[in-house]
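Undergrad: For reference, the sequence and a predicted model appear below.
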There are 2 protein chains.
Amino acid sequence: MAPKWDTVADALKKADGEEVLLRGWVHWIHKLGKKAFIRVRDHTGVIQAVAEKASLSSEEWKAVKKLTRESSVEVRGRVRSDPRAPSGKEVVATSVKVFGYSPPFPIWGREDVDFLLDHRHLWLRSRRMTAIMKVRETLLSAMREWLKREGWWEVHPPILTASAVEGGATLFEVKYFDKKAYLSQSAQLYLEALIFSLEKVWSLTPSFRAEKSRTRRHLAEYWHLELEGAWYSMEDMMEVAEELVAYAVRRAVEERREELELLGRDISKLEPAFETPYPRITYDEAIEILKRKGFPVSWGDNLGADEERALTEEFEKPFFITHFPKKIKAFYMKEAPGRPEVVLGFDLLAPEGYGEIIGGSEREENIDRLLERIREEGYDPANYEWYLDLRRYGSVPHSGFGLGLERVVMWVTGIDHIRDTIPFPRFRGRIYP
Amino acid sequence: MAPKWDTVADALKKADGEEVLLRGWVHWIHKLGKKAFIRVRDHTGVIQAVAEKASLSSEEWKAVKKLTRESSVEVRGRVRSDPRAPSGKEVVATSVKVFGYSPPFPIWGREDVDFLLDHRHLWLRSRRMTAIMKVRETLLSAMREWLKREGWWEVHPPILTASAVEGGATLFEVKYFDKKAYLSQSAQLYLEALIFSLEKVWSLTPSFRAEKSRTRRHLAEYWHLELEGAWYSMEDMMEVAEELVAYAVRRAVEERREELELLGRDISKLEPAFETPYPRITYDEAIEILKRKGFPVSWGDNLGADEERALTEEFEKPFFITHFPKKIKAFYMKEAPGRPEVVLGFDLLAPEGYGEIIGGSEREENIDRLLERIREEGYDPANYEWYLDLRRYGSVPHSGFGLGLERVVMWVTGIDHIRDTIPFPRFRGRIYP
């Protein structure tokens, strides 16, 4: 469809005297006798329109006098440079049409978190949330572009599954006709099936974790970008991870500078992430660093949010931790050659305290060792029958990883809570709106 | 990562005598005394390798003799033109390495539907399923490209929701901490909230319908591409729909001709869809056509699969049906001006009997009329409180539609059942693998 009206961005590019037809919402209004200053917001920005009684029909002027914040309007007028206007240009209105008035808008910007979550459907109009959603779109778009260019095939694994990949404590249960099913926590097992035809596959799906505790970096429903590559070693897959992240962050900074500045992001802190390779340390080294920093950790411990934060102080860019103890990682990770107590697993941590954004590994491709690992974990091999088939019929070395889209958005936008990385966040206690 | 080996497609482009290193699976093998013909399959195609006892180490020759279909291999050799080879070229092997043997592969191609569904994780390796997955990827990729170019913002609405958009008969229920929640059937209401900041939004999400009956064109879990545009009328949105479909189909034919031919698709039947506009008929006209064709229908009836099929005989390309009776459509559709018994709703039907691929409408933007419609349908307005807010605070005219990705894949690939449009289909009775 050919555009039937102009955006604010279009208007800002016009020369003085040129005509524009804007559609949007009243972002701010100031009425002053026979004049009204109306800042009109659309998806591209905000521009000020000046409406004067003398230039409008009496009906239109009556409508302008009733205008409130968040009313929807159509403004026709001419562009005029004005150094006092917030964007350097304003529109001298020749006609103002109101689509929908608004009663007093319930949000002014100083409301508490729960109020804003209850009014999420309205809070999304804020420039802050709009900026975050745009950065999110650019990050994802850049990742997809990179994946396509590098020959990765996008696929759609199932969300409803019969059993758990990794334990059952955080599973959401679904009534599936006359059976029980579960919401997927990871597409990995299904992606592994797909590498036998497409070799390099990826998916973006919602993943679900019934996290009982509320933290700054967990959601019950999040978007999970997962890759799996036939013939890929752990090292190969780490290269994919760092190239993917570097490309996306660079693109976000290039294309969303205005939004990042609006969010108060210190962009210079993102720039080191443009360059690969990213540093690599082993889990052993991570433990040594933490001990030096006075953390009461010992080999074999999981690294929690506090430990991750402390480690990120050592690096200006994202960095890998590799070779984790087997007992804290999933059964499908391959043992390190000659060191059976650790696995070929890796995490990628974002700097500035953000922590894990990617987790991946080389997968165990030998059916006997995989069966042994399933039994060691106390799982029933019968639940993995089809998965074991992948090792039975022409098994290949392979690796993969999962990236939490919201974690990346949180880091790149520099915000301090994951709930604002997604339009309608879901976590314990939150299902509305 | 720089490629460390060659694909079959790379090999087919090489000149005679050039060296290649292939990785893949044995698609077919024929052993003949001191020679073995091994067709190697990878994600780009199939090529024949000739292995001779005299050219390999004795260990390698022993491995070749044990090779079976679907074993994974690495073949090094030199390219040689041979008119007898299926692809015109073959590889004279100088080395063959086996990654994983395969016991007799359970699928030969003549198994029944349920057997293939039970072995879906292996059946995905078939050239048929691989071809369909590639067409699917191209269609989706083309749609995204078109949407981005036209200025639509991608967003991620929630999957877990507190209430139903359209009735509750086909809802999947989820235990959500201490509450009940439901799997989303449509992102529409959430997209409507997002147009107030981003104006033109779209999403691709899994949608869930607990369809009790099994049909050729329904899945319990399917991928739903939905758009919503502020200021868009029904006519505007129909233009978006037809341009989007025309672009995607054209791209699929251009980029996936080989795969479509492998699937036996008559490509000439897709070509009319390249050109827009698509024909438009009203529901009234559709009923007249059906009556002429002898269907026992009367005004106000829903159009089922049989009726849709009959209507598609009248058109060579996708076509719209518009202005449906209000009582067979959802409460949020806007009444046609001057004709309150019909709504500004539209369906887009694919030709050749495929039927509905898109359903959309202009939405009721007036809060009083919307409330009236909610009450008429017997719903409780309290469940739509946040949705009503969207009409309260600066309402705007808007329209949108939803496209079933699997329906489009089914039509474009020309297959006769929707289950093969997605790697792991879900419907009543099917949750494994």
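TA: Received, thanks. Numbers count the residues shown, from 1 in each chain, chains lettered A, B, ... in the order given.

Undergrad: tell me the helices in the stretch 251-400 of chain A, going along the chain?
TA: A:257-262, A:283-292, A:305-312, A:367-376, A:385-392 (DSSP state H, counting those that start in this stretch).

Undergrad: List the buried residues of the shortest one.
TA: Same thing as helix A:257-262. A:E259, A:L260, A:L262 (16 or more other C-beta atoms under 10 Å in any protein chain shown). For every residue, glycine as well, the C-beta is placed using N, CA and C.

Undergrad: How about the second one?
TA: When burial is assessed from 16+ other C-beta under 10 Å, helix A:283-292 yields the following buried residues: A:Y283, A:A286, A:I287, A:I289, A:L290.

Undergrad: Also the fourth one?
TA: Using 16+ other C-beta under 10 Å as the burial criterion, the residues of helix A:367-376 that qualify are A:L370, A:L371, A:R373, A:I374.

Undergrad: Show me which pair in the residues you listed is furthest apart.
TA: A:L371 and A:R373 (7.3 Å; C-beta to C-beta).

Undergrad: what sits against the nearest residue to A:E335 once chain neighbours are set aside?
TA: Nearest residue to A:E335, sequence neighbours excluded (C-beta to C-beta, 6 or more residues apart in numbering or on different chains): A:V343, at 5.8 Å. Taking C-beta atoms under 8 Å, 6 or more residues apart in numbering or on different chains, we find A:V343 in contact with A:H323, A:F324, A:P325, A:K326, A:K329, A:M333, A:K334, A:E335, A:A336, A:S361.

Undergrad: Just among those, which is most surrounded?
TA: Neighbour counts for the contacts of A:V343, by other C-beta atoms under 10 Å in any protein chain shown, peak at A:F324, which reaches 25 neighbours.

Undergrad: Test of understanding: give the bridge partners of that one.
TA: Beta-bridge pairing of A:F324 under DSSP bridges involves A:V343.

Undergrad: residue contacts, the residue nearest to A:W5 when sequence neighbours are not counted?
TA: Nearest residue to A:W5, sequence neighbours excluded (C-beta to C-beta, 6+ apart): A:L21, at 4.6 Å. Neighbouring residues of A:L21 by C-beta under 8 Å, 6+ apart: A:K4, A:W5, A:D6, A:E74, A:V75, A:R76.

Undergrad: now, which of those lie within strands?
TA: Among the contacts of A:L21, DSSP state E puts A:E74, A:V75, A:R76 in strands.

Undergrad: If you rank those by neighbours, which is first?
TA: Counting neighbours by other C-beta under 10 Å, A:V75 comes out on top of the ones in strands among the contacts of A:L21 with 27 neighbours.

Undergrad: from what I can see that one touches A:V98, true?
TA: No - judged on C-beta atoms under 8 Å, A:V75 makes no contact with A:V98 at a distance of 10.1 Å.

Undergrad: Contact residues of the stretch 201-350 of chain A facing chain B?
TA: With C-beta under 8 Å from any C-beta of the partner chain as the criterion, the stretch 201-350 of chain A comes near chain B at residues A:205-206, A:208, A:210, A:212, A:220-221, A:223, A:230-232, A:236, A:239-240, A:243.

Undergrad: if you set the cut-off to 7 Å instead, what comes out?
TA: A:P206, A:A210, A:E221, A:W223, A:W231, A:D236, A:E239, A:V240 (C-beta under 7 Å from any C-beta of the partner chain).

Undergrad: which SSE is the first one in?
TA: With the criterion set as DSSP states H and E, the secondary-structure element containing A:P206 is strand A:200-208.

Undergrad: Quick one: mean pLDDT over that strand.
TA: The average pLDDT within strand A:200-208 is 98.

Undergrad: what residues does that strand touch?
TA: Strand A:200-208 is contacted from outside by A:147, A:151-157, A:159, A:172, A:183-187, A:191, A:194-195, A:220-229, B:159, B:206, using C-beta atoms under 7 Å, 6 or more residues apart in numbering or on different chains.

Undergrad: Would you list the buried entries among those residues?
TA: A:147, A:152-157, A:159, A:172, A:183-187, A:191, A:194-195, A:220-229, B:159, B:206.

Undergrad: how about the longest strand along chain A: buried residues?
TA: Scanning chain A for the strand with the most residues, using DSSP E, yields strand A:19-32. Buried residues in strand A:19-32, counted by 16+ other C-beta under 10 Å: A:V20, A:L21, A:L22, A:R23, A:G24, A:W25, A:V26, A:H27, A:I29.
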